[in-house]
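[1] quick one, what's the 3D model for this:
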Amino acid sequence: MRVMMAREWLARGFEVDFVLLQKRGELLEIVPQPAQVISLGVERFRKALWPLCAYLRQHRPSVLLAAMWPLTLAAILARRLSLQNMRVVVSDHNTLSKSYAGWGVLHRVALKLSMKLIYPFADTRIAVSRGVADDLSQLSGISEGRFNVIYNPAAHRNDAGNDLVSRPEDLAPNAKILLSVGTLKLQKDHALLIEAFSRMPAHLNAQLCILGEGEQRPRLEQLVREKHLEGKVLMPGFSLNPGAYYQAANVFVLSSSYEGFGNVIVEALEQGVPVVSTDCPSGPREILCDGKYGRLVPVGDADALAEAMQAALQENPDRETLKRGRGTSQWTKSPMSILMSCFRGGIAV
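    Below you'll find the predicted structure:
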């Protein structure tokens, strides 16, 4: 998303720097020119403050855009400590009360207190959904009206899906494809998805493809073996260009226990793929307009998820209708008009 926005900013005449803890990652190869990628040379968030101050004093950007606590705190403090005059925009992309639910009482106190004391000094506070804004407000004590809700931008151009690509070779040629895209971590609850898939009738000739990489891979592979689903469940890993998988999919499934927004639902709808999602806090219900553009099922309910996936596979959806529905939903409006009011000159993200 940041890479896509950088392309837009560059096209509008802004200079863009990507400021990273470390200069590494799969997306480096697609950073648009002439954007600069700058490494702070640190491994952990807590060591980023002083290198960030040095960057701000040297490069003097007009706007500093920081995403996700605690980097948001570092951005606000670095502006103060570096004595630079710039706008600071902070954005949060998840329901933090859920993300850090298991971190203990002391961490929760630190989370709430740091937001209460420091977030008011940001020029703009962004939440990617109304649910995230409500969560941030409850954590920080800052009124919800002081958070700007800006939904994440659509992943592709409006003509997404018009250019057909060949079916990925790892997908069975005649199978109905259930697709899930996301990092293999506990939040995404792919174990629930595999469990639900194992309860679906064999005569549907379905194949489950989980696109992504993460620390849960060994556990998920073990579950696939325990359920005797070898060949029925594929985990091809991370893909920089997942469009071919979306176009091959019959149904897209999100099984998360919580989300901030759910970009992958947007990507699926852009391709006209029917969506089944857990009704988790806090993005899917907003994107799907309370179920108008996709099925919502209770979090953690394998039977309900299996039933919804089966029903979706047995329908004959009108993909063009789904694309048009996506285009009329409020969350698809460009966030640029709101963001641009904050940006003058160079942008550091």
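
[2] only C-alpha atoms from now on, for both contacts and neighbour counts.
    Fine.

[3] which phi and psi does the nearest residue to residue 122 once chain neighbours are set aside have?
    Taking CA to CA, 6 or more residues apart in numbering, and ignoring the residues beside it in sequence, residue 122 has residue 88 as its nearest neighbour in space, at 5.4 Å. For residue 88, the backbone dihedrals (degrees, to the nearest 10) come out as phi -120, psi 120.

[4] residues contacting residue 88?
    Taking CA atoms under 8 Å, 6 or more residues apart in numbering, we find residue 88 in contact with 63, 64, 65, 66, 75, 76, 79, 122, 123, 124.

[5] between these, which is closest to residue 313?
    Nearest to residue 313 among the contacts of residue 88 is residue 66, at 40.2 Å by CA to CA.

[6] any idea how far the spatially closest residue to residue 172 that is not a sequence neighbour is from residue 93?
    Nearest residue to residue 172, sequence neighbours excluded (CA to CA, 6+ apart): residue 207, at 7.5 Å. Noted for residue 207: a distance of 31 Å to residue 93, by CA to CA, to the nearest Å.

[7] relative to the whole chain's centre, how far out is stretch 139-151?
    Offset of stretch 139-151 from its chain centre (CA atoms, centre = their mean, to the nearest Å): 19 Å.

[8] before we move on, what about stretch 20-27?
    Mean-position distance between stretch 20-27 and its chain equals 17 Å (CA atoms, centre = their mean).

[9] again with stretch 84-91
    Worked out by CA atoms, centre = their mean, stretch 84-91 lies 23 Å from the chain centre.

[10] quick check: buried residues in that stretch?
    In terms of neighbour count (16 or more other CA atoms under 10 Å), stretch 84-91 has its buried residues at 86, 87, 88, 89, 90, 91.

[11] for the residue nearest to residue 172, which three-state class applies?
    Under DSSP: H, G, I helix; E, B strand; the rest coil, the three-state class of residue 207 is strand.

[12] ok, it - contacts?
    171, 172, 175, 176, 177, 178, 232, 233, 234.

[13] out of those, which sit inside helices?
    Among the contacts of residue 207, no member is found in helices (DSSP state H).

[14] kindly reformat these as JSON lines containing neighbour count.
    Shown next, in JSON lines, are the contacts of residue 207 (neighbours: other CA atoms under 10 Å):
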{"residue": "171", "neighbour count": "21"}
{"residue": "172", "neighbour count": "15"}
{"residue": "175", "neighbour count": "16"}
{"residue": "176", "neighbour count": "19"}
{"residue": "177", "neighbour count": "23"}
{"residue": "178", "neighbour count": "26"}
{"residue": "232", "neighbour count": "18"}
{"residue": "233", "neighbour count": "22"}
{"residue": "234", "neighbour count": "18"}
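
[15] for residue 48, list the residues it contacts.
    21, 40, 42, 74.

[16] ok now stretch 253-268, how far from the chain's centre?
    7 Å.

[17] for it, which residues meet the burial criterion?
    Quick answer for stretch 253-268 (16+ other CA under 10 Å): 253-268.

[18] can you pull the phi/psi pair for residue 30?
    Backbone torsions of residue 30, given as degrees, to the nearest 10, read phi -110, psi 10.

[19] tell me how many other residues surround it.
    Residue 30: 10 surrounding residues under other CA atoms under 10 Å.

[20] setting aside sequence neighbours, what's the nearest residue to it?
    residue 3 (7.6 Å).

[21] quick one: contacts of the helix or strand residue 247 falls within?
    Per DSSP states H and E, residue 247 falls inside helix 243-248. Helix 243-248 is contacted from outside by 161, 164-168, 177, 179, 252, 267-268, 271, 273, using CA under 8 Å, 6+ apart.

[22] could I get the buried residue list for stretch 67-76?
    For stretch 67-76, burial by neighbour count (16+ other CA under 10 Å) applies to 67, 69, 71, 72, 73, 74, 75, 76.

[23] off-centre distance for the helix or strand hosting the fourth one?
    Spelled out, it's residue 72. Element membership for residue 72 (DSSP H and E) is helix 71-82. Remark: helix 71-82 is offset 24 Å from the chain centroid, using CA atoms, centre = their mean.

[24] which strands or helices does that helix pack on?
    helix 49-59, strand 63-67, strand 87-92, helix 105-118 (3 or more CA pairs under 8 Å, 6 or more residues apart in numbering; DSSP states H and E).
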